[in-house]
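Engineer: Got a sequence here, can you model it:
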Amino acid sequence: MFATPSDEELARFHRYFAVESNNHAWLASIAPAEERDPLEILQHAHIAAYHWSKVGTDINEFRANILLAHAHAMCGHGQTALVYVERYRDYLSRHDVAGWEHGFSVMIHAQVAYVLGDHAQHVALYDQAKALVESTEDAGDKEVLMMTFVNIPAP
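Structural biologist: Coordinates of the predicted model:
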């Protein structure tokens, strides 16, 4: 029989699974298209979000929303993806966060608009995301943004 983990051990487990699932989902989402399994990405995004909800900070939970939006959009779940992207963008409107966060919100919102078939919004958001990526000065942030942006459907 297993011993019940202490609160500290449980928090450590939650954090471990949050980080591992989050990283797995993002890395899988930028893999070559023929290697991607959208349902696996979605599963890991939900696992990460659950564990972040137990031990994460506001920023961890906020970032889990954009991963969920991205994963749901990859699976063609436009309305669900929109709920998560709106949560992410609402957080951005109320908090001062790093510049790359805004670029992610716009590019994932463009992806969601594409999935929903809203061509005008998709074009506008895609162009805005492209400009935000191009204007990102930090080379590391720009590289991270580009890894996802290249997988957003172009108009």
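Engineer: Residue 66 versus residue 84, what's the distance?
Structural biologist: 7 Å (Cβ to Cβ, to the nearest Å). Just so you know, the C-beta spots here come from the backbone N, C-alpha and C atoms, and that holds for glycine as well.
Engineer: And for residue 155?
Structural biologist: In this view, residue 155 and residue 66 are 21 Å apart by Cβ to Cβ.
Engineer: separation between the one residue sitting closest to the centre of the chain and residue 109?
Structural biologist: Geometric centre of the chain, nearest residue: residue 67, 2.1 Å, by Cα atoms, centre = their mean. Distance of residue 67 to residue 109, computed by Cβ to Cβ: 14 Å.
Engineer: Then residue 50?
Structural biologist: Counting by Cβ to Cβ, the gap from residue 50 to residue 109 is 23 Å.
Engineer: Looking only at neighbour counts, state which of these two leads.
Structural biologist: A direct count of neighbours by other Cβ atoms under 10 Å for residue 50 and residue 109 places residue 109 higher, at 27 against 14.
Engineer: buried sites along the longest helix seen in the chain?
Structural biologist: Longest among the helix segments of the chain by residue count, using DSSP state H, is helix 7-29. Residues of helix 7-29 classed as buried by neighbour count (16 or more other Cβ atoms under 10 Å): 14, 15, 17, 18, 21, 22, 24, 25, 26, 28, 29.
Engineer: Ok, stretch 139-153 next?
Structural biologist: Residues of stretch 139-153 classed as buried: 141, 142, 144, 145, 146, 148, 149, 151, 152 (neighbour count, 16+ other Cβ under 10 Å).
Engineer: what does the average pLDDT come to for that stretch?
Structural biologist: Stretch 139-153 shows a mean pLDDT of 93.
Engineer: do the same with stretch 61-77
Structural biologist: Averaging the model's pLDDT scores along stretch 61-77 yields 95.
Engineer: chain center to that stretch, what's the gap?
Structural biologist: 5 Å (Cα atoms, centre = their mean, to the nearest Å).
Engineer: again, but for stretch 114-130
Structural biologist: 17 Å.
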